[in-house]
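Participant: sequence first, predicted model second:
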Amino acid sequence: LGAVELLCCGFGGVAMLWTKPSKATVSGHTWERSIDIEKYGPVSDSEWCDSMPSGAYDVSRSKKQRSTNKIPDGETCSTRNVDRGDGTFERKQECKPKYRDEPVYADHCSFKVDKWAKSRSVTSNGTLREPPTWPSLSGLRGGSSVGSEREGAHHESYTVAFKGPKGESWSCDVNEGKWAGLREGTTLDVKVRVMGGGLDCGSVP
């Protein structure tokens, strides 16, 4: 049964990677850029109480299992025959210590703490006709007190749409250079997956 399951998994993996040659025509371009806005203020969190940050407040405590101790709990013994070398056997008892699991409890704390955390995102998007730009961040409340805002992580994606020879619709996320270089109407040699028919984006030249 295990061998059959392994064989099935292997076949499934090969099927997912099995591709065939095809054509794809570039039919469109879209881009999106976003910037996370972080806000300084109360965030709910939880931690073992001895690791709780110093600025935590509104603290509530509860007991939770933190680990497990192995406690000696007697022995497990068995008897076996030991060959004396002269055709006779000697009965010998062998014992091994056994253990039981004993839970170890500790104080677990739920609390609030003031820190920077993502509160929203500002996004801009467009097509090949609008050059990719980052959204404006005007109006942010600066500082380091509760309610202050700051610029966070930047995210960007560049998507190319394709049409297949039988009218299939595909899309791939690529880097900005490839995105700008794939001219609309250009037909490319690509590979598509045999199972499911999706475009193998790694084959897009």
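Facilitator: Now that the structure is in, tell me what you want to look at. Numbering: from 1, shown residues only.
Participant: quick check: next helix or strand after the longest strand seen in the chain?
Facilitator: What stands out as the longest strand in the chain, according to DSSP state E, is strand 89-127. Using DSSP states H and E, the helix or strand that directly follows strand 89-127 along the chain is strand 149-163.
Participant: for the nearest residue in space to Val104 that is not next to it in sequence, give its distance to Tyr105.
Facilitator: Excluding the flanking residues, the one nearest Val104 by Cβ to Cβ, 6 or more residues apart in numbering is Ser67, at 4.6 Å. Heads up, the C-betas are built off the backbone N, CA and C, glycines and all. Distance of Ser67 to Tyr105, given as Cβ to Cβ, to the nearest Å: 9 Å.
Participant: Ala56 now?
Facilitator: From Ala56 to Tyr105 the distance is 21 Å (Cβ to Cβ).
Participant: which one's more surrounded, the two?
Facilitator: Ala56 (16 against 11; other Cβ atoms under 10 Å).
Participant: tell me which residues touch Asp83, please.
Facilitator: Phe89 (Cβ atoms under 8 Å, 6 or more residues apart in numbering).
Participant: what distance do you get for the residue most central in space within the chain to Gly177?
Facilitator: Centroid-nearest residue in the chain: His155, 16.7 Å away (criterion: Cα atoms, centre = their mean). For His155, the distance to Gly177 equals 18 Å [Cβ to Cβ].
Participant: ok, Thr79 next?
Facilitator: Taking Cβ to Cβ, one finds Thr79 at 76 Å from Gly177.
Participant: for the closest residue to the residue nearest to the centre of the chain other than its chain neighbours, phi and psi?
Facilitator: Leaving out its chain neighbours, the residue that sits closest to His155 by Cβ to Cβ, 6+ apart is Ser34, at 4.8 Å. The phi and psi torsions at Ser34 (degrees, to the nearest 10) take the values phi -140, psi 150.
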